[in-house]
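J.: Model the following, please.
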Amino acid sequence: MPSVSLAMSGKTNVKSPLMRILIVDDDSGIRKTTAMAVEFIGHKAETATNGLRALKILEEAPCDVCFLDLNLGNENGLDVLEKLLKAQPGIAVVMFTAFANISTAVEAMRRGAFDFIPKPFTPDQIRQVLEKIERARKLERRVQQLETQIAETAGEFNFESAEPLMQRAVQIVFKAAETPATILLLGQSGTGKSILAREIHRRGAQREGPFVMVNCPSLSRELLESELFGHVKGSFTGAVGDTMGKVAAADGGTLFLDEIGELPLEIQPKLLRLLQEREYERVGEARVRRANVRVIAATNRNLAAEVKAGRFREDLFYRLNVINVTLPALRERPLDLMRLAEDALRASARRMGKGARITGFSPEVREAFVRYAWPGNLRELSNVVERAVILAPGEKIELADLPEEFSHFGADAGGGGGGGGAQVGARVTLEALENEHIRRIVAASRNLEEAARTLGIDPATLYRKRQKMAQTQSPFAPGGSAG
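T.: Sure thing, here's the model as predicted:
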């Protein structure tokens with residue numbers, strides 16, 4: 001007589017998608033009552049007495065779930081498990097086992113089983129494990145959707161550049177991506193540091209592992225420490241259970257620490273230990289844990305200045321500063337500006353279903369884009385273009401489709417205000433006028449050689465002048481104290 005009760009709680013999971021469920025057991029009573037429980041919940045049941053019959057059923061049509069007995073007469077359930085997973089890798093296998101064989105069931109999970117149910121069991125246990133499988137499947141689908149969205153977003157970001165500063169930065173990080181070296185990304189907010197970090201992970205040796213991001217200034221010191229390293233139950237007020245932490249979650253992959261310059265001093269020694277020894281401890285626990293993580297850090301602060309001010313540990317700075325690159329601000333990339341804007345336009349138009357209608361920017365918008373200072377960098381450019389795509393009634397983005405501050409920078413505007421650059425006749429230095437003229441000529445040229453010919457100077461001189469302009473505009477420029 002089977003050790004199964006047909007007492008049900010009265011609830012059926014009618015809203016769940018229909019699953020095809022295979023029941024493999026040499027006990028006819030177990031097969032019958034389990035099939036009744038599965039069908040009562042709202043799914044379709046198939047039954048088999050042995051591994052061979054189970055494989056034939058899978059050949060006819062795939063199953064979502066398999067309930068498999070560990071002891072199938074003369075067959076070993078672990079052997080059947082391996083054959084089922086080989087025949088259909090996506091199937092969720094749940095083992096039936098007697099209490100005396102729970103250790104074997106755990107071994108089955110190590111080999112790929114989803115879960116196990118000890119005998120005797122009830123229909124409610126069947127329902128619970130099926131709901132658990134459905135939740136796991138939904139989570140997997142959600143993760144796949146998010147990964148697809150991330151991949152599409154990263155695909156929209158073109159790492160090619162006509163600017164020597166950006167070319168050099170990308171060349172360095174992509175070369176370092178192939179090694180386990182720690183990488184420090186410097187630059188203003190919105191310059192693409194987080195997108196570049198994901199690309200470094202994608203090109204690294206641990207690309208198959210997770211990419212885990214921690215925003216350092218987003219939490220208090222206590223919560224940030226717990227977020228990073230995890231905690232044990234009762235270690236602080238509100239710690240109602242154990243938490244593994246982001247370091248453990250990133251094991252075998254990449255840990256991206258965004259805005260590392262705002263990491264509290266109290267946590268910095270723990271991060272240094274992780275970088276040096278690959279060791280850490282959860283909050284409230286004395287056990288030393290190990291993690292194989294590749295660390296990428298980013299900041300919009302000048303870390304060298306933070307070290308001098310006593311707000312950042314010098315030893316941690318040197319440990320992070322193995323490979324560092326500075327991503328130039330958007331205003332320092334005039335040769336890339338319109339290409340980036342056009343990339344953003346195509347991506348936004350596609351997302352909004354306007355890809356066939358909106359074809360480009362009007363001349364006034366192009367002039368406004370060239371003259372605008374872009375304090376929010378690539379992030380601001382993307383947002384401005386997306387807003388314009390939503391509002392634009394015609395084929396081209398017009399000045400009226402942009403935020404109000406851009407109206408000062410159109411081709412017919414008086415010029416000067418709000419970051420548009422120096423104006424002839426204004427009370428500005430000759431150097432400021434020269435810098436503004438160079439910036440506009442470069443933005444209107446296809447490459448530096450063409451810009452140099454227009455300006456009447458050789459390309460090397462133009463390159464030196466632009467380097468000097470970048471150093472005076474950004475604390476992260478090459479040769480500055482941040483890098």
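J.: Leu196: how many residues sit nearby?
T.: Other residues lying near Leu196 total 25 when counted by other C-beta atoms under 10 Å. In short, each C-beta sits where N, CA and C put it, glycine included.
J.: Pretty sure it sits in a helix.
T.: Yes. Counting by DSSP: H, G, I helix; E, B strand; the rest coil, Leu196 falls inside a helix.
J.: What strand or helix carries Ala37?
T.: Taking DSSP states H and E as the criterion, Ala37 maps to helix 28-41.
J.: Also Ile21?
T.: strand 20-24.
J.: Next, the residue nearest to Ala108 when sequence neighbours are not counted: phi, psi?
T.: Computed as C-beta to C-beta, 6 or more residues apart in numbering, the closest residue to Ala108 that is not its neighbour in sequence is Met95, at 4.9 Å. Dihedral pair for Met95: phi -90, psi 140, per degrees, to the nearest 10.
J.: Next, count neighbours for Met95.
T.: A total of 26 residues lie near Met95 under the criterion other C-beta under 10 Å.
J.: these two touch, right, it and Ala105?
T.: Yes. Using C-beta atoms under 8 Å, Met95 is in contact with Ala105, at 4.9 Å.
J.: Please enumerate the shared neighbours of these two.
T.: Common contact partners of Met95 and Ala105 (C-beta atoms under 8 Å, 6 or more residues apart in numbering): Leu70, Ala113, Phe116.
J.: counting contacts, what elements does the strand holding Ile21 pack onto?
T.: helix 28-41, strand 44-48, helix 51-60, strand 65-69 (3 or more C-beta pairs under 8 Å, 6 or more residues apart in numbering; DSSP states H and E).
J.: is the residue nearest to Ala108 in a bridge, and if so with what?
T.: On the basis of DSSP bridges, Met95 is bridged to Leu68, Phe116.
J.: now swap in Ile183 and tell me
T.: As assigned using DSSP bridges, the partners bridged with Ile183 are Ile296, Ile323.
J.: per-residue pLDDT, it?
T.: pLDDT for Ile183: 96.
J.: which residues touch it?
T.: Ile183 is in contact with Val173, Ala176, Ala177, Ala197, Ile200, Val295, Ile296, Ala297, Val322, Ile323, Asn324, Val325, counting by C-beta under 8 Å, 6+ apart.
J.: sorry, back to before: can you say which of the helices and strands packed on strand 20-24 is packed in most?
T.: Greatest average neighbour count among these goes to strand 65-69 (a mean of 25), per mean count of other C-beta atoms under 10 Å.
J.: Run the angle between that one and helix 28-41 for me.
T.: When axes from the mean of the first three to the mean of the last three C-alpha atoms, to 10 degrees is applied, the directions of strand 65-69 and helix 28-41 differ by 160 degrees.
J.: which other helices and strands contact strand 65-69?
T.: Using 3+ C-beta pairs under 8 Å, 6+ apart: strand 65-69 touches strand 20-24, helix 77-87, strand 92-98, helix 123-156.
J.: In TSV: these, plus mean pLDDT and distance to Ile183.
T.: What follows is those, written out as TSV (pLDDT from 0 to 100; distance: least, C-beta to C-beta, whole Å):
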stretch	mean pLDDT	distance to Ile183
strand 20-24	95	47
helix 77-87	91	38
strand 92-98	89	39
helix 123-156	76	17
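J.: In TSV, list these along with distance to Thr243.
T.: Formatted as TSV, these follow (distance: least, C-beta to C-beta, whole Å):
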stretch	distance to Thr243
strand 20-24	34
helix 77-87	31
strand 92-98	26
helix 123-156	18
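J.: Report the buried residues of stretch 121-136.
T.: Buried residues in stretch 121-136, counted by 16 or more other C-beta atoms under 10 Å: Phe121, Thr122, Pro123, Gln125, Ile126, Arg127, Val129, Leu130, Ile133, Glu134.
J.: Over to stretch 252-267?
T.: Gly253, Thr254, Leu255, Phe256, Leu257, Asp258, Glu259, Ile260, Gly261, Glu262, Leu263, Ile267.
J.: show me where the stretch 351-483 of the chain has helices.
T.: 363-371, 377-391, 430-444, 448-455, 459-473 (DSSP state H, counting those that start in this stretch).
J.: who wins for proximity to Phe229 among the ones you listed?
T.: Relative to Phe229, the nearest member of the helices of the stretch 351-483 of the chain by C-beta to C-beta is helix 377-391, separated by 29.8 Å.
J.: and Ile457, backbone torsions?
T.: phi -130, psi 170.
J.: Leaving out the residues flanking it, which one is nearest to Ala249?
T.: Val212 (5.0 Å).
J.: repeat for Asn377
T.: In space, Asn377 is closest to Gly190, 3.5 Å off (C-beta to C-beta, 6+ apart).
J.: element containing the one you found, please.
T.: Short version, using DSSP H and E: Gly190 is in no helix or strand.
J.: got a list of what it touches?
T.: Neighbours of Gly190 in contact, by C-beta under 8 Å, 6+ apart: Leu330, Gly376, Asn377, Leu378, Arg379, Glu380.
J.: The fifth one contacts Gly187, doesn't it?
T.: No. Under the criterion of C-beta under 8 Å, Arg379 makes no contact with Gly187, lying 11.8 Å away.
J.: out of those two, which sits in the more crowded spot?
T.: Set Arg379 next to Gly187 and count neighbours by other C-beta under 10 Å: Gly187 wins out with 26 against 17.
J.: Could you report the neighbour count for the closest residue to that one other than its chain neighbours?
T.: Closest residue in space to Gly187, ignoring its immediate chain neighbours: Leu327 at 3.6 Å, by C-beta to C-beta, 6+ apart. Close neighbours of Leu327, defined as other C-beta under 10 Å, add up to 28.
J.: Okay, Leu327 and Asn377: tell me how far apart.
T.: Distance of Leu327 to Asn377, given as C-beta to C-beta, to the nearest Å: 9 Å.
J.: now Ala108
T.: Here Ala108 is placed at a distance of 52 Å from Asn377 (C-beta to C-beta).
J.: Just name the closest of the contacts of Ile183 to Ser445, please.
T.: Comparing those against Ser445 with C-beta to C-beta places Val325 closest, at 25.5 Å.
J.: Am I right that that closest one sits in a strand?
T.: Yes. Counting by three-state DSSP, one finds Val325 located in a strand.
J.: Distance check, it against Ala304.
T.: 15 Å.
J.: same thing with Arg20?
T.: With C-beta to C-beta as the criterion, Arg20 and Ala304 are 62 Å apart.
J.: Please apply the same query to Gly42.
T.: Distance from Gly42 to Ala304, counting by C-beta to C-beta: 64 Å.
J.: How about Phe67?
T.: With C-beta to C-beta as the criterion, Phe67 and Ala304 are 62 Å apart.
J.: repeat for Ala92
T.: Distance, Ala92 to Ala304, by C-beta to C-beta: 53 Å.
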